[in-house]
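> sequence and predicted structure below; questions after.
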Amino acid sequence: MLEFYTIALRGKTDSVTTTGQTERAIDNTSQDNSSTVNNVLIKQLSSCLNKLHLSAQYTQELLTIHKKLLKDTSNDDVLQHFIEIFDVIVADLQRERNSATNFLTSLNETLAIVQNAVSKTLSTCEKAQHTNDLINIKLQKQLLDMTGSVEKAMSLDQVKVDINSKLASIALTLEKKTIFEQQNQQALSNQLKDMAAKVKKLEEQSQEFEVKLAEQQRKSMFDALTKLSNRAAFDEYFTQSMVRFHHNPFDLALAVIDVDDFKQINDRYGHTVGDKTLQVIANTIRKKVSKDAFVARYGGEEFVLIYSKHKKSELINELNSINKSIAHLPFQFKNNKVSITLSIGATHITSEDNIHTAFERADEAMYKAKEKGKNQVVYF
Ligand SMILES: Nc1nc2c(ncn2[C@@H]2O[C@H](COP(=O)(O)OP(=O)(O)OP(=O)(O)O)[C@@H](O)[C@H]2O)c(=O)[nH]1
């Protein structure tokens with residue numbers, strides 16, 4: 001993004017300089033410059049957008065604006081679309097922040113309620129202990145009283161009367177003690193039930209959040225337009241494959257596919273047709289490619305494949321077959337039959353390779369295929 005801003009600023013300064021000059025100065029050369037700057041900016045922005053993972057709603061909005069951006073060429077339009085794109089990105093970041101903030105707030109509230117319930121339960125227990133101690137003291141006093149009365153009694157009748165009255169008091173105290181204990185137990189059990197419900201709610205909230213995070217993580221690895229894995233998923237898969245390869249070498253191969261003259265499709269038939277074409281190409285590659293190969297949209301009209309079990313000749317055969325399938329697709333735009341071809345570069349990974357050298361070699365092979373007239377596979 002920083003890189004992108006720098007280019008944007010440079011583009012803007014250039015355009016400001018030219019507007020202050022004479023009419024002749026704003027000639028074809030400056031228009032060419034401005035359009036080149038716009039193209040560089042759009043390319044840079046497209047690459048930044050490919051790395052962004054917004055929600056479905058905002059991805060759709062982004063795609064719509066991106067389409068307009070590719071179509072409109074005037075400086076004002078391009079600038080306006082850039083602003084719209086930034087607005088969408090900011091809105092999505094705000095949404096994500098709100099959703100995380102809401103979850104954390106509700107988690108905090110529930111935790112506070114649970115903490116409150118725990119201290120209430122502890123204080124109820126302490127109070128109950130205190131009341132129990134008081135009742136026990138009272139009972140001990142009543143028993144002591146009874147012994148004293150027996151000692152002080154002058155006749156058996158007086159002993160009988162005294163003992164009966166003291167026993168009645170003791171029975172009353174014991175009855176109170178039982179009632180108190182029952183009530184206390186009920187209150188404790190209610191508080192525990194309440195607490196269990198709160199903890200359950202907390203668990204449910206955490207699970208919901210986990211599901212949301214997993215879903216977001218899953219979406220962040222897919223390309224919204226073609227439904228293939230995206231560049232982030234490719235980077236992760238390729239890095240892991242490289243680690244496995246260097247640990248224990250196997251037939252690891254990489255293919256870079258670029259659609260030939262795709263700009264013409266956009267320019268002649270519009271970006272919606274361009275998008276649909278990319279979807280059809282992606283679906284065909286997905287159907288034709290071996291089950292164990294990994295397929296991703298690298299960005300724009302570029303796709304990448306990673307193979308783990310193909311030797312050179314099998315690999316080239318499969319890539320040629322994919323190329324043929326695409327070339328035979330019956331595209332028809334505005335009553336024109338159009339044939340679409342691919343330039344494909346492929347290479348096997350060697351023990352000297354890292355992810356960059358391997359990718360560069362496959363990319364160079366793809367450019368070689370373009371140089372040699374496109375619609376072919378080149379293996380380096
Ligand atoms: N419709 C549509 N077009 C896209 C998308 N991403 C990139 N493009 C377009 O793809 C085109 C790529 O053009 P170039 O890089 O000039 O390449 P090309 O026309 O395929 O020419 P060669 O590579 O030389 O065969 C540009 O016009 C981009 O605007 C997309 O998501 N949808």
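Perfect, I can see it now.
> how close does residue 340 sit to the ligand?
10 Å (C-beta to the nearest ligand atom, to the nearest Å). C-betas here are computed from N, CA, C, even on glycine.
> got phi/psi on that residue?
Main-chain torsions, residue 340, degrees, to the nearest 10: phi -110, psi 130.
> let me know whether it touches residue 331 as I believe.
Yes - counting by C-beta atoms under 8 Å, residue 331 is a contact partner of residue 340 at 5.9 Å.
> more neighbours: which of the two?
residue 340 (20 against 17; other C-beta atoms under 10 Å).
> OK, contacts around the more buried one?
259-260, 265, 277, 281, 326-327, 329, 331 (C-beta atoms under 8 Å, 6 or more residues apart in numbering).
> need the residues of the stretch 201-350 of the chain near the ligand, please.
Taking C-beta under 6 Å from any ligand atom, the part of the stretch 201-350 of the chain that reaches the ligand is made up of 225, 258-263, 266, 271, 274-275, 278, 300-301.
> over to the stretch 1-150 of the chain?
That would be 46, 70, which are the residues of the stretch 1-150 of the chain within reach of the ligand (C-beta under 6 Å from any ligand atom).
> which element follows the biggest helix by length in the chain toward the C-terminus?
Scanning the chain for the longest helix, with DSSP state H as the assignment, gives helix 75-152. Using DSSP states H and E, the helix or strand that follows helix 75-152 in sequence is helix 156-219.
> so how far is that following helix off the chain centroid?
Centroid separation between helix 156-219 and its chain, computed with C-alpha atoms, centre = their mean, to the nearest Å, is 44 Å.
> show me what that helix is packed up against.
Counting contacts by 3 or more C-beta pairs under 8 Å, 6 or more residues apart in numbering; DSSP states H and E, helix 156-219 is packed against helix 75-152.
> could you find the closest non-adjacent residue to the closest residue to the ligand within the stretch 151-300 of the chain?
Proximity of the stretch 151-300 of the chain to the ligand (C-beta to the nearest ligand atom) peaks at residue 274, 2.6 Å away. Using C-beta to C-beta, 6 or more residues apart in numbering and skipping the chain neighbours, the partner closest in space to residue 274 is residue 266 (4.2 Å).
> before we move on, the earlier item: in strands, which of the contacts of residue 340 fall?
Judged by DSSP state E, the contacts of residue 340 include 259, 331 as members of strands.
> okay, now the domains of this protein?
Taking automatic domain parsing as the reference, the chain has its domains at 52-220, 231-379.
> does residue 84 touch residue 67 like I think?
No - Residue 84 lies out of contact with residue 67 (C-beta under 8 Å); the separation is 11.6 Å.
> can I get the domains of the chain in a markdown table with distance to residue 38 and mean pLDDT?
Shown next, in a markdown table, are the domains of the chain (distance: least, C-beta to C-beta, whole Å; pLDDT from 0 to 100):
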| stretch | distance to residue 38 | mean pLDDT |
| --- | --- | --- |
| domain 52-220 | 5 | 79 |
| domain 231-379 | 14 | 94 |
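> one step back: wait, isn't the residue of the stretch 151-300 of the chain closest to the ligand in contact with residue 268?
No - distance between residue 274 and residue 268: 9.5 Å, which falls outside the contact criterion (C-beta under 8 Å).
> more crowded one of those two?
The neighbour comparison of residue 274 against residue 268 (other C-beta under 10 Å) goes to residue 274, with 23 against 13.
> which residues does the more buried one contact?
Residue 274 neighbours (C-beta under 8 Å, 6+ apart): 70, 262, 265-266.
> again, only this time at 7 Å
262, 265-266 (C-beta atoms under 7 Å, 6 or more residues apart in numbering).
> can you pull out the helices in the stretch 201-350 of the chain?
Along the stretch 201-350 of the chain, counting by DSSP state H, counting those that start in this stretch, helices occupy 231-247, 262-269, 271-288, 312-327.
> same list (these) but as TSV, adding distance to residue 36.
Shown next, in TSV, are the helices of the stretch 201-350 of the chain (distance: least, C-beta to C-beta, whole Å):
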stretch	distance to residue 36
helix 231-247	25
helix 262-269	14
helix 271-288	20
helix 312-327	30
